[in-house]
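Asks: Have a look at this prediction, sequence included:
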Amino acid sequence: MGGLHFHARQVRLYFRSFFNLVANITVSWFSGKQKTPALTHEAPLYPSLAGNICIEQVDLQRADTPLFQQLSLSWNETRVGLIGNNGSGKSSLVRLLNGLITPEQGRVSVFGYDTVKQAALMPALVGFIFQNPDHQMIFPTVAEELAFGCEQLGQSTQKARASALALLAEQGIESWADRPVTQLSEGQKQRVCILSVLIMKPRLLILDEPFSSLDLPTRRLLLALIHNTDTHVLLISHDFSVYDDFDRLIWVDGGQIKADGLPDEVIRSYIASVDNLSVSL
Ligand SMILES: Nc1ncnc2c1ncn2[C@@H]1O[C@H](COP(=O)(O)OP(=O)(O)OP(=O)(O)O)[C@@H](O)[C@H]1O
C-alpha cells in the first residue's frame, strides 16, 4: 500500500514537474528572460464566435466513440458554470481548454492562444482544480505547496516562501505555513489547492467538482475566494446553489449544448427535463 502510494506520488510529481518545466520556460519568455517567441493571437476561424474563450467546430472522440461533433461555444463572461448529467461531457469540455485533451477537428483558444499549437502557454494561462485535492498536492507542507507556484513564476526560493507566507497571512491562516498537508482536512486541502493555483495568477481558473465533499461553511468560504479574484472562472458543480451570482450557465447533454443563458433559467429547464424523465420512468 505504502509502495503504491509512493509510486502514485512519484508519477504525479513527474507529471507536474513536466508541466511546470514547460510553464517555467513560458513564464521566462513572458518575463523577458529569454527571447520572446512569436505569439500569434490568431483570428478565430469563425468571427461570429469571437470571445475570450472559444471552442470552434470541435469534434472529439472518447474511447473511439464520438462525444462532441462540430461543437461551438464562446464566452467573455467572468463567471461561467457548466452543468449536465453524469457522462454528458463536462470534464471532457474543460480538459479541452487547457490542452489536456486535443480535439480531432476544430480549434480551441483561450485569450487568443491556441490550446494545441501554443500548448506550452497553457499552464501559465489556465489553472485547474480537481475534485480530489490529493491528486494535486505534492509538497510536504502548506507553505512549500504555495511557494512552488511562485518559483515557477521565476521567484527565488526565499521570495517564493515570502509570497506564500504573505498570502496565508492575507487569508488569516499564517499558522498553517508549516503544517503537513497530509494532516489537513479535505476542505483545508481544497483551500490550499485553490490558493496554490491563484498565487500563479492564471487568467482562467477551471474547477471540476471542487466542493463535492465539503460542508456548507467551507463551500461558502471557497466560493468567496473564487468570487474575490478577477480571474475568469469556469465551474462544474452538481450543487446549483453555487451558481447564484454567476453570469452564465451552460448545460451540456450528450456532448451537445442543451441550454445556455442566465443560471436561473438554465437550472429551471434542466430540473424540468429531469422531472419529465422521472415521470416517464
Ligand atoms: N479517459 C477517458 N477515456 C475514454 N472515455 C472517457 C474518458 N473520460 C471520459 N470518457 C467518456 O466520455 C464521456 C464524457 O465523460 P465526461 O467525464 O466528460 O463526462 P462528465 O459530464 O464530466 O461526467 P461526470 O458528471 O460523471 O463527471 C463518457 O461517456 C465517458 O465514459
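Replies: Yep, that arrived.
Asks: can you list the residues of the chain near the ligand?
Replies: 62-63, 67, 84, 86-92 (C-beta under 6 Å from any ligand atom). Just so you know, the C-beta spots here come from the backbone N, C-alpha and C atoms, and that holds for glycine as well.
Asks: all strands for the protein, in order.
Replies: For the chain, strands defined by DSSP state E occupy the ranges 53-62, 65-75, 79-83, 105-110, 113-114, 126-129, 204-208, 232-236, 248-253, 256-261.
Asks: Can you add mean pLDDT and mean neighbour count and give the ones you listed back as TSV?
Replies: Shown next, in TSV, are the strands of the chain (pLDDT from 0 to 100; neighbours: other C-beta atoms under 10 Å):
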stretch	mean pLDDT	mean neighbour count
strand 53-62	95	19
strand 65-75	95	17
strand 79-83	97	22
strand 105-110	95	21
strand 113-114	92	20
strand 126-129	93	24
strand 204-208	95	23
strand 232-236	96	22
strand 248-253	97	21
strand 256-261	96	16
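Asks: want to throw the ones you listed into TSV with distance to residue 192?
Replies: Putting the strands of the chain into TSV (distance: least, C-beta to C-beta, whole Å) gives the following:
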stretch	distance to residue 192
strand 53-62	26
strand 65-75	29
strand 79-83	22
strand 105-110	25
strand 113-114	28
strand 126-129	11
strand 204-208	14
strand 232-236	18
strand 248-253	28
strand 256-261	33
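Asks: My guess is residue 229 contacts residue 200. True?
Replies: No: Residue 229 is beyond contact range of residue 200, at 11.6 Å (criterion: C-beta atoms under 8 Å).
Asks: More neighbours: the two, which one.
Replies: Between residue 229 and residue 200, counted using other C-beta atoms under 10 Å, residue 200 has the larger neighbour count: 20 against 15.
Asks: from memory the more buried one sits against residue 127, does it?
Replies: Yes: at 6.3 Å, residue 200 counts as touching residue 127 under the criterion of C-beta under 8 Å.
Asks: So which of the residues of the chain next to the ligand belong to helices?
Replies: Among the residues of the chain next to the ligand, the residues falling in helices (DSSP state H) are 90-92.
Asks: out of these, who has the most neighbours?
Replies: residue 90 (22 neighbours).
Asks: so who does that residue touch?
Replies: When the contact criterion is C-beta atoms under 8 Å, 6 or more residues apart in numbering, the partners of residue 90 are 82-84, 208, 236, 252.
Asks: closest to the ligand among those?
Replies: Closest to the ligand out of the contacts of residue 90 is residue 84 (5.2 Å), distances taken as C-beta to the nearest ligand atom.
Asks: What lies in contact with stretch 174-188?
Replies: With C-beta under 8 Å, 6+ apart, stretch 174-188 has contacts from 133, 137, 139-143, 145, 164-165, 168, 189, 192, 213-215, 218, 221-222.
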